[in-house]
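Colleague: Dropping a prediction and its sequence here:
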Amino acid sequence: MESAASKSAQLNRNGAEELPAGSLEEKLALAEKEGRQLRVKLGLDPTAPDIHLGHTVVLTKLREFQDLGHRVVLIVGDYTARVGDPSGRSETRPVLSDEEIIANANSYEAQAGQILDRDPDRYELRFNSEWLEMPTAELLALLRTTTVAQLLEREDFANRYKGGTPISLLELLYPLMQGYDSVAIQADVEIGGTDQTFNILLGRDIQRHYGLPEQAVLTMPILTGIDGVEKMSKTKGNEIAIEASADEMFGRTMRLPDEAMENWFALLAIPAPADGIGPRDAKVALAKAIVERFHGSGAADAAEAQFVSQFVDHETPEQLESFAFSAPDGAVHLPAALADAFGISRSEARRLVEQGGVKVDGAVLDAKQLDVDPGLLSDAVVQIGRRRFKRFELEP
RNA sequence: GGCGGGAUGUCCGAGUGGUUAAAGGAGACGGGCUGUAAACCCGUUGGCUCUGCCUACGCAGGUUCGAAUCCUGCUCCCGCCA
């Protein structure tokens, strides 16, 4: 059997930080000695049901714990979501209804199930309303554990406090509630992104106040989005959803700047290709590995072939959606037809034509001619830019 | 409770009476180039029946030949003092 030390090293290999250093090994050794599983916690925000590669970094790490025989405890933050987080001043987050929270949690669970082992012996799903719906006296006991000074140590709070940006009392309470989750489920280990470091560490303090052993903390680096700079997030549109099609996953991965590849290989736990391989080929390997993980190896090969055909050889895809148009007046007004076919505005369609961005059966359309003969478009492949295609068919 | 600041296009952010569909940036899109949907360069970026017309600078009114810009009221947000 592997030693606790080597398991810990393995788990740490692509992590950001283990806090305190060595704590993970201690927990692993303890579990072994007592012959029990570790309870490994991950908190979920039930507002975002679409999970993307960024979320999988942490999930993949959880899976590694499961594969070592430990038990993952996912906590759906239904109570905290119900309170509604007024973070920042711009947009107030909508307060979710119970139904939405449950739907989101189910959806998340289904998606996370692609990565986690849902064997009930190694997997547990809990809602934090179960324990956070507490009498005021208990809430006060929780509040007694932490001081304002402690909370203001957190960088973003500190900056906002200094800069005069509002900090809602609720926001200050969040870390406490998250920490209490660890108390409630008796977490041995908590995993999270580096942006969660403060909150997870506060969980240790809170556990101590409740007379419990403090959890080990393992933070994972943040996966950059396909822009290679910012954190992957749906709001920024730089995500790869795990429910995306194979072609889209492949293509979006190929859009990743070269410099960001290393980050992706490490965090997604994909073996990096040998030295000396060109960046393009490395990126192809990355894209294939990602597609393979979610769609299987056949789909990965197909996605590569499709990508090469469309973007390297500039061939027209074989499978095209068709669009039926009609020409009652004997002529077709291009901006209108393109707008209907591709879901863009007529002005935008007009600009595309004028910029030489529209092709019919491979030939660039004349920039000046906005009304065309129906015969030109009938049963023709109309292409906008490099990646939008439709087969036009004349309606009788 | 008192005082002050703010609300602009997808986002950030200039703009204090006219040449402003509104600087600049980001993002997005198109073109070129290429090893990719990388990078880099150029262009476009409210809508439309498009040499013009319509709609737009928190909301509702008003002043003016003319307002994002001035006035009044309202809504929301923020800071400071208490």
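Modeller: Nice, I can see it. Residues are numbered from 1 along each chain as shown, chains lettered A, B, ... in the order given.
Colleague: so what are the domain limits for chain A?
Modeller: A:4-220, A:246-312, A:322-394 (automatic domain parsing).
Colleague: Between the two ends of the shortest one, what distance do you get?
Modeller: In this case it means domain A:246-312. 18 Å (Cα to Cα, to the nearest Å).
Colleague: Chain A: strands as residue ranges?
Modeller: A:17-19, A:39-44, A:71-76, A:123-127, A:189-193, A:216-220, A:322-325, A:332-333, A:358-360, A:363-364, A:371-372, A:380-384, A:388-394 (DSSP state E).
Colleague: Make CSV from those strands and add distance to residue A:235 to it.
Modeller: For glycine as for every other residue, the C-beta is placed from the backbone atoms N, C-alpha and C. Below are the strands of chain A laid out as CSV (distance: least, Cβ to Cβ, whole Å):
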stretch, distance to residue A:235
strand A:17-19, 26
strand A:39-44, 17
strand A:71-76, 21
strand A:123-127, 25
strand A:189-193, 16
strand A:216-220, 20
strand A:322-325, 31
strand A:332-333, 37
strand A:358-360, 31
strand A:363-364, 36
strand A:371-372, 40
strand A:380-384, 26
strand A:388-394, 24
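Colleague: Turn the ones you listed into JSON lines, columns for mean neighbour count and distance to RNA strand B.
Modeller: As requested, the strands of chain A are exported to JSON lines (neighbours: other Cβ atoms under 10 Å; distance: least, Cβ to the nearest atom of the strand, whole Å):
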{"stretch": "strand A:17-19", "mean neighbour count": "17", "distance to RNA strand B": "29"}
{"stretch": "strand A:39-44", "mean neighbour count": "24", "distance to RNA strand B": "26"}
{"stretch": "strand A:71-76", "mean neighbour count": "24", "distance to RNA strand B": "28"}
{"stretch": "strand A:123-127", "mean neighbour count": "17", "distance to RNA strand B": "29"}
{"stretch": "strand A:189-193", "mean neighbour count": "25", "distance to RNA strand B": "22"}
{"stretch": "strand A:216-220", "mean neighbour count": "23", "distance to RNA strand B": "24"}
{"stretch": "strand A:322-325", "mean neighbour count": "15", "distance to RNA strand B": "14"}
{"stretch": "strand A:332-333", "mean neighbour count": "20", "distance to RNA strand B": "7"}
{"stretch": "strand A:358-360", "mean neighbour count": "19", "distance to RNA strand B": "7"}
{"stretch": "strand A:363-364", "mean neighbour count": "12", "distance to RNA strand B": "8"}
{"stretch": "strand A:371-372", "mean neighbour count": "15", "distance to RNA strand B": "9"}
{"stretch": "strand A:380-384", "mean neighbour count": "20", "distance to RNA strand B": "5"}
{"stretch": "strand A:388-394", "mean neighbour count": "17", "distance to RNA strand B": "6"}
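Colleague: is it possible to export the ones you listed to TSV including mean pLDDT?
Modeller: Compiled in TSV, the strands of chain A are given as follows (pLDDT from 0 to 100):
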stretch	mean pLDDT
strand A:17-19	87
strand A:39-44	93
strand A:71-76	94
strand A:123-127	94
strand A:189-193	94
strand A:216-220	95
strand A:322-325	89
strand A:332-333	88
strand A:358-360	91
strand A:363-364	88
strand A:371-372	88
strand A:380-384	91
strand A:388-394	90
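Colleague: Looking at those strands, which is nearest to residue A:346?
Modeller: strand A:332-333 (8.5 Å; Cβ to Cβ).
Colleague: May I see the domains of chain A arranged in TSV, with distance to residue A:239 as well?
Modeller: Formatted as TSV, these follow (distance: least, Cβ to Cβ, whole Å):
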stretch	distance to residue A:239
domain A:4-220	4
domain A:246-312	8
domain A:322-394	18
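Colleague: list the contacts for the nearest residue to residue A:51 once chain neighbours are set aside?
Modeller: Nearest residue to residue A:51, sequence neighbours excluded (Cβ to Cβ, 6 or more residues apart in numbering): residue A:111, at 4.7 Å. Going by Cβ atoms under 8 Å, 6 or more residues apart in numbering, residue A:111 touches A:49-51, A:242-243.
Colleague: Filter the residues you listed down to the buried ones, ChimeraX style.
Modeller: In ChimeraX syntax, the buried subset of these is picked out as below (16 or more other Cβ atoms under 10 Å):
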select /A:49,51,242
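Colleague: Looking at the contacts of residue A:111, which one is closest to residue A:394?
Modeller: residue A:243 (35.5 Å).
Colleague: gap between the closest one and RNA strand B?
Modeller: 15 Å (Cβ to the nearest atom of the strand, to the nearest Å).
Colleague: My guess is that residue contacts residue A:53. True?
Modeller: No. Residue A:243 is not in contact with residue A:53 according to Cβ atoms under 8 Å; the separation is 11.4 Å.
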